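Asker: With the input below, show me the fold.
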Amino acid sequence: MNKKFVTVFGSSIPKENDDEYKTAFIIGEKFAKAGLNVCSGGYQGIMDAVSKGCSQNGGEAIGVTLNIYNSIPSKYLTKEIKCNSLFERLSNLIEIGNAYVVLQGGTGTLVELALVWEFINKNMLNEKPIAVHGNMWNDIVNLMEVQIKKEKRRTGLVKCFLEIDDLAEYIINSLK
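Answerer: Predicted coordinates for the structure are as follows:
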């Protein structure tokens, strides 16, 4: 796969006027303009926003959806991959990504971050850039880094950002 994809994890809750939605749109736009594509869970909220930002600026937006959800996929997807189980969905989201971005979200987003982090830390996945945005994720990552250090595992795999421009620049430069 010559084209590079950034898998973006985040909540399905934010609406078009919410800051989290606008942030996700901006990141999708920045990635597309840098020649990158996005992959997400394919539904509404942050997934819709990042897909919209990317596809409206010439990038591809893959959505990895789950047949058990009664949700409507984002209309901004350029491709949909339908999965029959949560594990198949997670596997696809991780496999497609050349890098990972974690935006505002809840327990589902936490699971996605934890899986990527664990797979890289345990060498089940080649090291790839992981970036989180916002105070909540920064706090969680910093807390986990203390434990990871105690366990004598690799620290510093997840980069924390408060500014979306800095996060985008890190991912774009990492994938050049």
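Asker: Now do the same for the residue lying farthest from the centre of the chain: its pLDDT.
Answerer: Farthest-out residue of the chain from its mean C-alpha position, per Cα atoms, centre = their mean: Lys150, at 27.3 Å. Note for Lys150: predicted pLDDT of 96.
Asker: mind listing the helices for this protein?
Answerer: Here the chain has its helices, by DSSP state H, at 19-33, 46-55, 86-96, 107-121, 135-150, 164-174.
Asker: Can you name the residues bridging to the nearest residue in space to Leu86 that is not next to it in sequence?
Answerer: Leaving aside its chain neighbours, Leu86 sits nearest to Leu66 (6.4 Å; criterion: Cβ to Cβ, 6 or more residues apart in numbering). For glycine as for every other residue, the C-beta is placed from the backbone atoms N, C-alpha and C. Bridge pairing for Leu66 (DSSP bridges) gives the partners Cys83.
Asker: related to what we said a few turns ago, using CSV, please lay out the helices of the chain together with distance to Lys75.
Answerer: What follows is these, written out as CSV (distance: least, Cβ to Cβ, whole Å):
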stretch, distance to Lys75
helix 19-33, 14
helix 46-55, 8
helix 86-96, 20
helix 107-121, 22
helix 135-150, 28
helix 164-174, 23
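Asker: Could you say which of those helices is packed most deeply?
Answerer: helix 46-55 (a mean of 29; mean count of other Cβ atoms under 10 Å).
Asker: what's the pLDDT at the residue nearest to Leu86?
Answerer: 94.
Asker: circling back: which one of the helices of the chain lies closest to Ser74?
Answerer: helix 46-55 (4.1 Å; Cβ to Cβ).
Asker: so who does Lys79 touch?
Answerer: Each residue near Lys79 by Cβ atoms under 8 Å, 6 or more residues apart in numbering is listed here: 60-63.
Asker: Most neighbours among these, which one?
Answerer: Ala61 (29 neighbours; other Cβ atoms under 10 Å).
Asker: if I read this right, that one contacts Leu77, doesn't it?
Answerer: Yes - under the criterion of Cβ atoms under 8 Å, Ala61 makes contact with Leu77 at 5.3 Å.
Asker: what touches both of those two?
Answerer: Here Ala61 and Leu77 have 51, 55 as joint contacts, going by Cβ under 8 Å, 6+ apart.
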